[in-house]
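Engineer: Sequence first, predicted coordinates after that:
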Amino acid sequence: MATDVIVRPVLEWQAGTVTAIRTETRQTKSFTFALPKWMVHRPGQHYDVRLTAPDGYRTERSYSIASPPERVGELELTVELIPDGEVSPYMHEVLMRGDQLEVRGPIGGYFVWDVSLGGPLLLVGGGSGVVPLMAMLRHRTAQHSTVPARMLYSSRSADDVIYHDELDGLAARDRAFEAFYTFTRQPPAGWTGYRRRIDAAMLAEVIRPFDKRARVYVCGPTLLVESVANALVQMELPTEQIRTERFGPTGA
Amino acid sequence: MANDETDMNTALMVDGNAVAGQLEQIFGRDMTMTVARCAGCSRDAAIGALMAFIRGPGVVLRCPACQSAIARIVETPTAIYLEARGAAYLRMTPQP
């Protein structure tokens, strides 16, 4: 991918056409768009989505890209339903295949990882914070990268784990990748793994083989990101190896 | 009570990544990797890593080290106001 030689056009709104909608969990759906002006993105970047009411009222939200840049011409966003939100209920309950939606992107250069940055890679996600991390993993797989990677993923229950089958499948096939789950409300029956919020002890266990060489990407609700980032700094991981993205109270 | 308010503010806080689109619209380039030096404490932080408060009528970006306001952005129907006296400077790589 010659990402460096593409002249970046002005960021502008365009109408994406929904080509597929997939239910991921009770609270999340993935939307695939065809874009008239598709541009290669870097894993971790997001798109802004804008809604305009008949009276001209406008509102917009940012949603992480779930698809890897290798999926040329398509854009996939995984969106968590925020019941009292303004954009996600429309996307979940109104938007249908064939509909159009205003989007602009790709946006952001801080919370990004691609194989050229190397590893070892520790991805820490809470809830729908897993979405940009999945784009990184999908890109890593598409590039046949052997960069060692681990994911630590916090969910309320097993039903809330987004991309569960894909993550387990990847962990089974790819010896350089491991997924660690923790459940904060209801672990599955017979679960012997973590069953608490991510804390310093858990991070220390998961990061151990990578030690201070780890590049860490943390994405999720603000309070989770704050506590994970603080714990990493306490562990004396160089701050330039830590990248964070905060979603606010519950999600984007 | 004060603690509840602090916790609520923290929970509602996002980071500079959340206003990346708005900043790119203003500056014509990605600004999240641009470094801002805090005029209050002189520490450097990438704009993507600044604390961002976006639930008000405008956006406030704060220093992650000392919490001083680095910049405020307000959009009206006819103008964009960007006040950045909390930044000693911005450091960015030249565009190719």
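Structural biologist: Structure's in. What do you need?

Engineer: give me phi/psi at the residue lying closest to A:I82 once chain neighbours are set aside?
Structural biologist: Spatial nearest neighbour of A:I82, excluding adjacent residues (C-beta to C-beta, 6 or more residues apart in numbering or on different chains): A:S88 at 4.9 Å. For every residue, glycine as well, the C-beta is placed using N, CA and C. Torsion angles at A:S88 (phi, psi; degrees, to the nearest 10) stand at phi -60, psi -40.

Engineer: Look up how far A:S62 lies from A:S88.
Structural biologist: The gap separating A:S88 from A:S62 is 12 Å, by C-beta to C-beta, to the nearest Å.

Engineer: Count residues in the vicinity of the residue nearest to A:I82, would you?
Structural biologist: Using other C-beta atoms under 10 Å in any protein chain shown, A:S88 has 23 neighbouring residues.

Engineer: Then B:M8?
Structural biologist: Look at B:M8: counted by other C-beta under 10 Å, it has 11 neighbours.

Engineer: ditto for A:R243
Structural biologist: Per other C-beta under 10 Å, the neighbour tally for A:R243 reads 21.

Engineer: residue contacts, the spatially closest residue to A:E60 that is not a sequence neighbour?
Structural biologist: Nearest non-adjacent residue to A:E60, counting by C-beta to C-beta, 6+ apart: A:R50, 4.2 Å away. Applying C-beta atoms under 8 Å, 6 or more residues apart in numbering or on different chains, we find A:R50 in contact with A:13, A:58-60, A:102-104.

Engineer: and which of those residues is nearest to chain B?
Structural biologist: A:R104 (6.2 Å; C-beta to the nearest C-beta).

Engineer: hey, what's that closest one bridged with?
Structural biologist: Judged by DSSP bridges, the bridge partners of A:R104 are A:D48.

Engineer: Tell me, how many residues neighbour it?
Structural biologist: For A:R104, the tally of surrounding residues (other C-beta under 10 Å) stands at 20.

Engineer: The residue nearest to A:I82 reaches A:L77, doesn't it?
Structural biologist: No: A:S88 is beyond contact range of A:L77, at 10.5 Å (criterion: C-beta atoms under 8 Å).

Engineer: residues touching A:F177, list them.
Structural biologist: Listed by C-beta under 8 Å, 6+ apart, the contact partners of A:F177 are A:137, A:140, A:148-151, A:170-171.

Engineer: Next, A:G16: secondary structure please.
Structural biologist: strand (DSSP: H, G, I helix; E, B strand; the rest coil).

Engineer: Quick check: beta-bridge partners of it?
Structural biologist: Per DSSP bridges, the residues bridged to A:G16 are A:L101.

Engineer: for the one 4 residues further on, same thing?
Structural biologist: The residues paired with A:A20 through beta bridges, assigned by DSSP bridges, are A:T32.

Engineer: excluding its backbone neighbours, what's nearest residue 35?
Structural biologist: Defaulting to chain A. A:G16 (5.0 Å).

Engineer: Oops, wrong one, chain B.
Structural biologist: Leaving out its chain neighbours, the residue that sits closest to B:V35 by C-beta to C-beta, 6+ apart is B:R91, at 4.4 Å.

Engineer: What about the one you found, how many residues nearby?
Structural biologist: Number of residues near B:R91 (other C-beta under 10 Å) recorded here: 11.

Engineer: Now do the contacts for it.
Structural biologist: Contacts of B:R91 by C-beta under 8 Å, 6+ apart are B:34-37, B:44.

Engineer: OK, contacts around the closest residue to chain A within chain B?
Structural biologist: As assessed by C-beta to the nearest C-beta, chain A sits closest to B:G48 within chain B, at 2.6 Å. By C-beta under 8 Å, 6+ apart, the residues touching B:G48 are A:108-111, A:243, B:15-17, B:20, B:32-33.

Engineer: Now that we have the residues you listed, which of them are buried?
Structural biologist: Buried by 16 or more other C-beta atoms under 10 Å in any protein chain shown: A:108-111, A:243, B:15-17, B:20, B:32-33, out of those.

Engineer: Dump those into a markdown table; add distance to A:V225, pLDDT and secondary structure as well.
Structural biologist: Shown next, in a markdown table, are the buried ones among the contacts of B:G48 (distance: C-beta to C-beta, whole Å; pLDDT from 0 to 100; DSSP: H, G, I helix; E, B strand; the rest coil):
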| residue | distance to A:V225 | pLDDT | secondary structure |
| --- | --- | --- | --- |
| A:G108 | 15 | 94 | coil |
| A:G109 | 18 | 93 | coil |
| A:Y110 | 13 | 95 | coil |
| A:F111 | 11 | 97 | coil |
| A:R243 | 10 | 97 | strand |
| B:D15 | 8 | 94 | strand |
| B:G16 | 13 | 95 | helix |
| B:N17 | 11 | 95 | helix |
| B:A20 | 16 | 96 | helix |
| B:T32 | 16 | 96 | coil |
| B:M33 | 19 | 95 | coil |
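
Engineer: can you list the weak-confidence ranges in chain A?
Structural biologist: Low-confidence segments of chain A, defined by pLDDT under 70: A:1-9, A:250-252.
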